[in-house]
Each structure stands twice: as C-alpha cells, then as structure tokens.
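Student: need a structure here:
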Amino acid sequence: MPRTKKKNGRGGPHGNVHPFSDEDASIETLSHCSSFSDTASVAEEGGEASEDTAQEDFQYKLKGFIDSTVDKSAKTRQGALDGLKTAMATRILYEFISERRMTVTDSIERCLKKGKGEEQRAAASLACLLCIQLGPGIESEEVFKTLKPIFKNILADGSANIQARQAVATSLGLCTLVAEDDILDVHASMECFENLFTRSYARMDGTCPLISPQVSQLHTNALLSWALLVTICTANQLKDILHKHLPKLPRLLESDDVNMRIAAGETIALLFELARDLDSEFEFEDWEQLCDKLNQLATDCNKHRAKTDKRKQRSVFRDVLKAVEEGDFQSEAIRFGTERMTIDSWVRKRTYDAFREFVGSGMNYHLQANEFIRDVFELGPPMLVDSATMKAMKIPRFERHLHNSAAFKARTKARSKFRDKRVDVGEF
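Tutor: Numbers count the residues shown, from 1 in each chain. Alright, predicted model coming up:
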C-alpha cells in the first residue's frame, strides 16, 4: 500500500527514558487527524509548537524507547516496552516502524528469551502491535517468522512463567491472523491451542479437572485465540472442526472459572453461526441437551458464585442461547469519528474483541486510520477529514453530558422494564 516517506526525527544520544506518558498521548491526540489533512500543522493548547516539531519530539522519544529495550536494567526495558506499546496502540507509525522493524523484532526476541514475567508479557503484546502496524505482507511475515518458534516454545513449556504463557497464547492467535500466509501453518497454530484448552474439558462423569485459576486463564486465552483462527478456516477445515470439537466444547461449560464458561459459550455460538453459514439446515445431535445447559447458565442463581460473575454470565448466555436456538445475534453499533460500524455477527465480535484487547482505547482511532483494520471490517479506505471539520463536529462538553445523562436514564428504564426479577431471588 503506498505511503509517503517522512523524515526520521533528530539523532544524537538519548538521555534517561521514561514510559510514554499522558502528555505524549495528548500530543498524539492533537495529530490524529493530521494524516487526513491538507494543512501543515495543528495548533497545540499553548500554540507554541507546530505539528512538525511535535512529530520530531515524538519520534525522538520513540528512538529512545527502542534503544532502551536492550538496557541492562529490567525496569528500564520494561518501561521502554510499555512506551512502545502505548505509542503503537494510539497512533499509526507505519513509516517509522517499517524502517526499524527488524531492530524492534530483535529486541522483542531478546526480551522473550531472557526476560521474566511482566517483561515477557509486554514483549509478546508489543509483537502483536508491531504486526498490526505493519499489516499483512512480507514485512509482518518476516517478523512473525522470527518470533513464532519462540511463542510456541513458551506456550508448550509447562515450566515457563504463567503470565508469559497467557500473553503468548493471546498474541500468537492475532499474529497468526495478521501475518501467517499458509493455511496449513494456521492449522498448526490451532493445534497448539487445542493441546491447552482441551485439558479443561470436564470428564465423562461430569467432574472437572483440578486446575489453578492462572492455568485456567491460560486455557481460556488459548480457546479465544483458537476461535479467532476458526473464523479464517476453509470450508473443509471448518467441517472437520465442527465434527471434532462441537460435541466436546459443551464440557467446558462445567468449568468453575466464569471466564472459561463465557469463552466456551461464545465459541459455541460462533461455531453454530459458521455451521449455519455452510448449511442452513445444520442440525446438532445433542441440541436439546445443550440448550438446557445454556438456559441454566442464563438463569444461574447458585449462591456459591459471586453476584458480579453471575450477572456477567447471565447476560452473555442469554445471547448465546438465542444464537443456538434461533440463530440470532444482538447487534451493536460502534461509532468512530464521522463513521459507524455494526457488530452484527459472532465472527465480527470475536475479531473486534481480539484487536481491541491490544489497542485498547486506541481502537476507534485505528478504525479510522489503520488501512489493515479497516480492510478486515470492510470499511473501505480511510475518510479524508481535516482538522477544521473535526473541530466543527465536536460536541460541546455540556451538551455531551446532557446527552449521556439522557441515554443513561433511558437505558436504565429499558433494562428495568425487561429484566426478569425472578432471576435475582435469593441472592441477597
């Protein structure tokens, strides 16, 4: 995809590097729309610095982060990784990152191999953000080719740090989605995930294996990454997956971990959606038994479970039950800038949630400006909106407050009207 080359920031030795701060985020926010504008600069609050100067300062700080990823101090490396993560999550940095992708990849590789705990976790997340910045193509394939063996080694190593394994389980899934060009290699990654989450299957007698909460979270992450890759499988692969896994996945609904139960429910709904896309007359042998179980989870009142867990579980499983029984999905509209995107399927929801997990609050900006993410969600090329238009469109803070208050009241009334109060009997 064509991109204009920009000058790298000023060189020279770097001083002490501090993690990316709110001040940097504000500089970045001011230039969010600059990529779409014909104008040369955007005024900052004090009007003292031009956009070009802010851009140079920003790139200079990023260079400092990259240099600090090889520092002897673990704390400094951690801060540098976090700084790069924040920058990549909240801004499009293709030109800058593309020129330094192998340097950043080498730093990630070193941190994954020699770092511990949080450093490995941050490095795994940074690898994913790097692939999101580069998009599909030779550049991201080179990055992933270097890091994939390390990811798989950590994932399969039972003695590795559990936080690192959890992060890698999530990152390997999205990196595979973005950068893997061979569907057979995609299937190989899915088998790595299967080897993990299948260990949480309830036994045939209905008892659950004894698994620690941290290992359960690892299995949950593996299941969600597996479900993400299911969305890009071929029709023949999907038929094999439905035959092999759909009858067994309901065993995960017996898990003591609410996150695992929810992940399993959403994955089952996703498989039913894909199966009906292949065959509108699709039938599941144990359909009635599955619906009974989903209905139990949608109306769960067990006292030994936390109230917050039960509320979250009931909300999700009401939607899952509708998906399995009726093929229905509760659509959700996502607004960003002047545009709107509708999450209208379990496939799109799983994909959106996967990207949002890494870019966080920067998701709306990436939906506006990241060509790869816009292509994934079929949004077309980025819209050209200049800063003056954006300023004219901005709603005053007081009006926004009134609108939010009115929406909150309307939502509360609607929920009160349709909530089944019998579900909450005996909880207090």
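Student: Point out where the stretch 251-400 of the chain drops to low pLDDT.
Tutor: Applying pLDDT under 70 to the stretch 251-400 of the chain flags the ranges 301-305, 384-396, 398-400.
Student: now do 90
Tutor: For the stretch 251-400 of the chain, the stretches with pLDDT under 90 are 256, 280-281, 283-287, 296, 298-315, 326-328, 330, 337-338, 380-400.
Student: how about the strands in it?
Tutor: Ranges of strands within the stretch 251-400 of the chain are 332-336, 339-343, based on DSSP state E, counting those that start in this stretch.
Student: List the buried residues in stretch 141-161.
Tutor: Buried positions in stretch 141-161, judged by neighbour count with 16 or more other Cβ atoms under 10 Å: 141, 143-144, 147-148, 150-151, 154-155, 161. Bear in mind the C-beta positions are built from the backbone N, C-alpha and C, glycine included.
Student: how far away is residue 90 from residue 415?
Tutor: For residue 90, the distance to residue 415 equals 33 Å [Cβ to Cβ, to the nearest Å].
Student: Quick check: the gap between the closest residue to residue 329 other than its chain neighbours and residue 154.
Tutor: Leaving out its chain neighbours, the residue that sits closest to residue 329 by Cβ to Cβ, 6 or more residues apart in numbering is residue 345, at 5.7 Å. Noted for residue 345: a distance of 32 Å to residue 154, by Cβ to Cβ.
Student: The nearest residue to residue 356 once chain neighbours are set aside: how many residues sit nearby?
Tutor: Excluding the flanking residues, the one nearest residue 356 by Cβ to Cβ, 6+ apart is residue 363, at 4.7 Å. The number of residues packed near residue 363 is 21, by other Cβ atoms under 10 Å.
Student: Now do the buried residues in stretch 179-199.
Tutor: 179-180, 186-187, 189-190, 192-194, 196-198.
Student: Rebuild those residues as TSV, extending it with pLDDT and distance to residue 317.
Tutor: What follows is these, written out as TSV (pLDDT from 0 to 100; distance: Cβ to Cβ, whole Å):
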residue	pLDDT	distance to residue 317
179	94	34
180	92	32
186	94	29
187	94	30
189	95	28
190	96	25
192	95	28
193	97	23
194	95	24
196	95	23
197	95	19
198	93	22
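Student: which of the residues you listed lies closest to residue 300?
Tutor: residue 197 (21.9 Å; Cβ to Cβ).
Student: The closest one belongs to a helix, doesn't it?
Tutor: Yes: checked against DSSP: H, G, I helix; E, B strand; the rest coil, residue 197 lies within a helix.
Student: Give me the distance between it and residue 117.
Tutor: Distance, residue 197 to residue 117, by Cβ to Cβ: 23 Å.
Student: No further questions, thank you.
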